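Peer 1: Based on what follows, work out the 3D shape:
(one chain, ligands or ions: 1)
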Amino acid sequence: MTDTVETDVLVVGAGPTGLMLATCLAALGVRCVIVDGKSGPTRESRALVLQARTMEVYDQIGLVDRVLAEAEIASEIVPGFERRRFRAINLQRLATGTTPYPHLYVLEQSRNERLLVDHLQGLGTRVWWSHRLQSMAVTADGRLECVTDGDEVGVIRARFCAGADGASSAVREMMGIPFEGKTNVRTFYVADATHVAGLPADAINLRFGVDDFLLAFPMGGQADHRLLGVVRGPAEGVTEDSARSTLRRVFEVTYGSSRWFSTYRVHHRVAARFRDGPVFLAGDAAHVHSPVGAQGMNTGLQDAHNLACKIADVVAGRASDAYLDRYSAERRPVARRLVTTTDAMFAMITSDRRVARALRRFVVRFAAPIGASLVPRVVRSPRIFEYLSQTRIHYWMTEQQRIAARARRGRVVGRRLPWNGDNYESLRTMTWQVHGYGALDRRALRRVGVRLGLRVRFFPVVRNRRLRRGACYLVRPDGFVAAESRAEHAHADFAGHLRQIACA
Ligand SMILES: Cc1cc2nc3c(=O)[nH]c(=O)nc-3n(C[C@H](O)[C@H](O)[C@H](O)COP(=O)(O)OP(=O)(O)OC[C@H]3O[C@@H](n4cnc5c(N)ncnc54)[C@H](O)[C@@H]3O)c2cc1C
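Peer 2: The predicted model follows:
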């Protein structure tokens, strides 16, 4: 006998994206059910790297200490060409003052999933494993009726459904949403290898060759590394032996054995819509791209965080249903930019065109010796870290704001709250809040807080140069800054913004 369950949100898929979505919804007090067709979390290591922005999100949901306890830290990227290594690029130096998490954190996807499953359970929500979504229909009362093949919960009636069900998303198919883009002709290999020789231990290694490339992430253990490269020729002929011999011949990298070896094709695709009425897409269901840049899992986790905060506002009656369109308006451009960038990088690395190969040969033979000393100097801009770590993302908070700004992005509004050294702790409440920086009229700002029903926090010392002294900011539950004002105008400005989302 299977039961029928009523809920606010059905999350389909308990990969990293679905688990983060369910965790944030549970933390925000939204009823949700999460189902997955598998019998438990993935056992494959799959995605490895957590970027700074994801660590900030983990901090918000109270999981960052456990992640820090388990993750390996990579503070450097060592670029190179074939056998040559360049000088290391120190990430911590690039990240100074940007974030409390100035490294790359190596923690495999399977371990992220287990931490999230435990945390979710602690919040009182369990995953319904072995429950695969079979069908979805809208009923006369406007609710979704979803049928699974599970033997505990058969029918789930929900107000919203989020498809976090991976690249072959059943939710996307059921909604008839096109997955636009292309599939690369190349095949990737991944090996979680032990006793690796020929690579610096605690750094991310990025090596180019004329016809090959190698990306390697440290995984602790006994000189363990995730080795990732591209394979020439038909995918069917790819074996671990062929990958191993390329590694030795081109990069002088060898390893003892592998715990996991796999090959896969790289797709560059974005869903035509991230929202269709009460249905949303997030993570790989909404966008897929090459693992160059280690952004895939991070982008899914941040989709989930963004969507959960919006759904919570709507369920609590603070925002209208139309506010949910902002999810697509904010996250789809991020995905499109990511897919375009990784597609271009991937094409540059793997293209068989004569010009591309000639360029790579030139770089390897002639430019590499010069590059060895130049690269760390050229890549000194903190912007590089901000792009990589996903801390530079900008959203238009409302359509009106985009028009008024004539598409010129602000320093603070539309971005995640700049880190001031002491202002992230208050984000753990995941609520709308007002922050005042430097000397300002505290009594006036406190009154604004009372009238709007928002918590107000003061930070007398301004350490981040993006934040303006004497300014106050309306901060969203996801940590993004919705509006900026002065204490004397804050009520009108902030009430105006909140009214807009309530009546959008
Ligand atoms: C071999 C491999 C190596 C990778 N390496 C990297 C890497 O190095 N770096 C990187 O950033 N990314 C990497 N990725 C990509 C990364 O794994 C994904 O970006 C990430 O898993 C996306 O998470 P997700 O939760 O959106 O989707 P998934 O992890 O795919 O989770 C989707 C979940 O939905 C469930 N599901 C599917 N259909 C249904 C249904 N009908 N009903 C119920 N449940 C359903 C599935 O069982 C699954 O648990 C790799 C992927 C693969 C396959």
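
Peer 1: so Asn184 touches Val292, yeah?
Peer 2: No - between Asn184 and Val292 there is no contact under C-beta atoms under 8 Å: 11.0 Å. Heads up, the C-betas are built off the backbone N, CA and C, glycines and all.

Peer 1: Need the overlap of contacts for those two.
Peer 2: Residues touching both Asn184 and Val292 (C-beta atoms under 8 Å, 6 or more residues apart in numbering) are Phe346.

Peer 1: Between those two, which is the more surrounded one?
Peer 2: Between Asn184 and Val292, counted using other C-beta atoms under 10 Å, the more crowded position is Val292 (23 against 17).

Peer 1: Mind checking what secondary structure the more buried one has?
Peer 2: Secondary structure assignment for Val292 (DSSP: H, G, I helix; E, B strand; the rest coil): coil.

Peer 1: and the stretch 51-200 of the chain, which of its residues are near the ligand?
Peer 2: Neighbours of the ligand within the stretch 51-200 of the chain, by C-beta under 6 Å from any ligand atom: 109, 132-133, 164-166, 170, 190.

Peer 1: again, only using 5 Å
Peer 2: Within the stretch 51-200 of the chain, the residues that sit near the ligand (C-beta under 5 Å from any ligand atom) are 132-133, 165-166, 170.

Peer 1: Sort out for me which of those are in strands.
Peer 2: Under the assignment DSSP state E, these contribute Leu133 to strands.

Peer 1: What about Arg85, how many residues nearby?
Peer 2: With other C-beta under 10 Å as criterion, Arg85 counts 17.

Peer 1: From Ala197, how far off is it?
Peer 2: Arg85 is 14 Å from Ala197, where distance means C-beta to C-beta, to the nearest Å.

Peer 1: Same check on Gln109?
Peer 2: On the measure of C-beta to C-beta, Gln109 and Ala197 end up 26 Å apart.

Peer 1: quick one: the strands in the stretch 351-500 of the chain?
Peer 2: 433-437, 455-459, 471-475, 481-486 (DSSP state E, counting those that start in this stretch).

Peer 1: dump the residue contacts of Ala502.
Peer 2: Residues near Ala502 by C-beta under 8 Å, 6+ apart: 318-320.

Peer 1: Let me know the pLDDT of the residue in the stretch 251-400 of the chain positioned nearest to the ligand.
Peer 2: Nearest to the ligand, among the residues of the stretch 251-400 of the chain, is Gly283, at 2.3 Å (C-beta to the nearest ligand atom). At Gly283, the pLDDT value in this model is 98.

Peer 1: neighbours around it, how many?
Peer 2: For Gly283, the count of nearby residues is 30 (other C-beta under 10 Å).

Peer 1: Return the helix or strand in the chain with minimum mean pLDDT.
Peer 2: Ranking every helix and strand in the chain by mean pLDDT, DSSP states H and E puts helix 368-378 at the bottom, with a mean of 57.

Peer 1: Just the buried residues of stretch 301-312, please?
Peer 2: Within stretch 301-312, the residues that qualify as buried are 301-312, counting by 16 or more other C-beta atoms under 10 Å.
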